[in-house]
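Asker: just a sequence and a predicted model for now, questions to come.
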Amino acid sequence: MNLKSLNQVSDASQAPQDDGPTTKTPLSGHQDQLLQLAQQRNLEALTTLIDQKLADQVVKVAEIEFKNDLLQLSVESSEVPEQSVTVPLIRDFLSQLRLPEVTAVTIYGQKLGQELPFWMEEVALDLLILDTQALMPQTMAAGSAEVTDEEPSPLPEAAPLPSETALDITAKYEAGERNFARINLKDEALPGINLTLADLQEANFVWCNLRESSLSHANLTSAQLRHADLTNANLQGAKLQGTDLQGAKLQGANLSWAVLRGTNLTDADLTDVNLQNATLERVIMPDGTMLD
């Protein structure tokens with residue numbers, strides 16, 4: 001079942017028919033059937049519906065699969081899909097569809113013929129459904145701000161500027177480079193850097209500023225991250241076998257689905273860390289105890 005066959009049905013429905021007002025029934029019935037199948041986690045129906053939503057962008061689904069309460073899919077086009085356009089389209093559609101027990105979707109964007117994706121983004125669907133309601137109290141608060149006597153909040157501290165090394169790595173990454181194994185980035189400022197799916201085996205990130213960085217699905221096997229600042233970093237699905245995270249700051253970091261085997265977390269700050277579905281084996285916890 002694909003877009004081409006659906007388009008043929010659509011064209012046929014627009015041709016003159018002898019059945020009067022019933023000419024559109026097959027198409028609408030077909031769409032309803034696709035929706036029902038998609039809500040039952042039928043991947044073929046789901047692929048067809050998402051392809052329809054992305055047709056104007058000339059983007060199609062390349063791979064799609066369910067992993068418990070997560071949906072993972074990759075989309076591709078002759079050029080790199082526009083992340084700022086593609087992700088909201090998929091997010092809005094899946095939120096309206098409300099797949100049973102699916103709380104998030106991970107979307108990969110890749111260029112046709114390329115093995116590795118150029119970007120990745122995870123969207124929490126349960127948060128999206130509540131977005132409209134969540135905006136209401138904020139609007140009310142904004143409207144009443146003029147009559148309150150509260151002092152304005154202090155301005156947040158300015159984030160450190162990325163170093164020349166960070167800019168150089170970013171340029172290489174955007175050009176398609178993913179192999180940064182054994183790279184030495186000790187004491188570097190790399191806040192917000194995107195190294196999704198990068199090979200960072202045995203890399204040196206000691207005392208490195210990696211706040212709000214994206215290291216999702218990166219290979220950090222045996223990497224040195226002692227005293228690194230990983231506050232609010234995205235390490236979803238990252239490989240952290242034998243990784244040294246002694247004294248690291250991991251407040252608010254996302255380690256869901258990450259693999260931690262023989263990982264050293266001695267004295268690390270795990271405040272508000274997301275470890276949902278993470279693999280934890282032979283991990284040295286912040287208090288020095290071994291987690292089997």
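Answerer: Arrived safely.
Asker: show me how far stretch 31-48 is from its chain's centre.
Answerer: 23 Å (C-alpha atoms, centre = their mean, to the nearest Å).
Asker: for that stretch, buried residues please.
Answerer: Neighbour counts using 16 or more other C-beta atoms under 10 Å place 34, 37-38, 42-43, 45-48 of stretch 31-48 among the buried residues. Every residue, glycine included, has its C-beta placed from N, CA and C.
Asker: in helices, which of the residues you listed appear?
Answerer: 34, 37-38, 43, 45-48 (DSSP state H).
Asker: just the closest of those residues to Val75, please.
Answerer: Thr47 (10.3 Å; C-beta to C-beta).
Asker: out of the buried residues of stretch 31-48, what pair is the most spread apart?
Answerer: That would be Leu34 and Leu43, which, of those, are the farthest apart (C-beta to C-beta) at 12.0 Å.
Asker: how about the strands in this structure?
Answerer: 60-67, 70-77, 104-111, 119-124, 259-261, 279-281, 283-284, 290-291 (DSSP state E).
Asker: would TSV of the ones you listed with mean neighbour count, mean pLDDT and distance to Ala228 be doable?
Answerer: Shown next, in TSV, are those (neighbours: other C-beta atoms under 10 Å; pLDDT from 0 to 100; distance: least, C-beta to C-beta, whole Å):
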stretch	mean neighbour count	mean pLDDT	distance to Ala228
strand 60-67	15	91	28
strand 70-77	20	90	27
strand 104-111	20	88	24
strand 119-124	18	82	21
strand 259-261	20	95	15
strand 279-281	15	93	19
strand 283-284	20	95	16
strand 290-291	10	87	21
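Asker: let me see the domain layout of this structure.
Answerer: Here the domain parsing of the chain from automatic domain parsing is 29-129, 162-292.
Asker: any idea which of those is most buried?
Answerer: domain 162-292 (a mean of 19; mean count of other C-beta atoms under 10 Å).
Asker: tell me the contacts of Gly176?
Answerer: 114, 116, 118 (C-beta atoms under 8 Å, 6 or more residues apart in numbering).
Asker: nearest to Val105, of these?
Answerer: Using C-beta to C-beta, these come closest to Val105 at Phe118, 17.8 Å.
Asker: surely that closest one touches Thr86?
Answerer: No - taking contacts as C-beta atoms under 8 Å, Phe118 lies outside contact range of Thr86: 11.5 Å.
Asker: got any residues that touch both of the two?
Answerer: Gly109.
Asker: Thr196: what's it in contact with?
Answerer: Residues counted as contacts of Thr196 (C-beta under 8 Å, 6+ apart) are 117, 119-120, 214-218.
Asker: now with 10 Å, please.
Answerer: Residues near Thr196 by C-beta atoms under 10 Å, 6 or more residues apart in numbering: 108, 116-121, 173, 178, 213-218, 234, 236-238.
Asker: where in the stretch 101-250 of the chain is pLDDT low?
Answerer: For the stretch 101-250 of the chain, the stretches with pLDDT under 70 are 126-163.
Asker: make it 80
Answerer: Residue ranges of the stretch 101-250 of the chain with pLDDT under 80: 114-116, 124-166.
Asker: let me see the ranges of the helices in it.
Answerer: If you assign secondary structure with DSSP state H, counting those that start in this stretch, the helices in the stretch 101-250 of the chain sit at 125-129, 131-144, 164-174.
Asker: good, we can wrap up now.
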